[in-house]
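*Asks:* can you look at this prediction? I've put the sequence above it.
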Amino acid sequence: QLQLVESGGGLVQPGGSLRLSCSVSGFSLDEYAIGWFRQAPGKEREGVSCISRSGGTRNYADSVKGRFTISRDSAKDTVYLQMNSLKPEDAATYYCAARRASVCRLSPTDFGSWGQGTQVTVSS
């Protein structure tokens, strides 16, 4: 059974940093692309970043390019999202999701397995 568990969310001031973790079990990161998504109240879920199953492709939404970095540690079965220079508009519930494919895409409908989410609040 595929399981994904996010952690690392919290309250941070504008300009601050957080590192989110997505711990997976029941499958290998070498077989699945992993995406990070977020959803703010009243808004649709949007793609933030994804990493291919080879780790060689990393895509980012334009809104986070240069500020967020996705990485993974296959030995720990964990994918990370380092978020720097956080803005109030980054506040949302962040989810990680898995897609058994080589292609890394930022479309939520492409991903079939999801975690429960972790809340990120950016406020002074």
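*Replies:* Arrived safely. Small disclaimer: the values here were computed from a predicted structure and weren't measured.
*Asks:* grab the most central residue of the protein for me.
*Replies:* In the chain, the residue lying closest to the centroid (C-alpha atoms, centre = their mean) is Trp36, at 2.3 Å.
*Asks:* list of residues touching whichever strand or helix holds that one?
*Replies:* Secondary structure from DSSP states H and E places Trp36 in strand 33-39. Applying C-beta atoms under 8 Å, 6 or more residues apart in numbering, the contact partners of strand 33-39 are 20, 22, 24, 45-53, 70, 72, 79, 81, 90, 92-106, 108, 110-111, 117, 120. Every C-beta, even on glycine, is put in place using the N, C-alpha and C of the backbone.
*Asks:* do that again at 6 Å, thanks
*Replies:* With C-beta atoms under 6 Å, 6 or more residues apart in numbering as the contact definition, strand 33-39 has outside contacts at 45, 47-53, 79, 81, 92-99, 101, 104, 108, 111.
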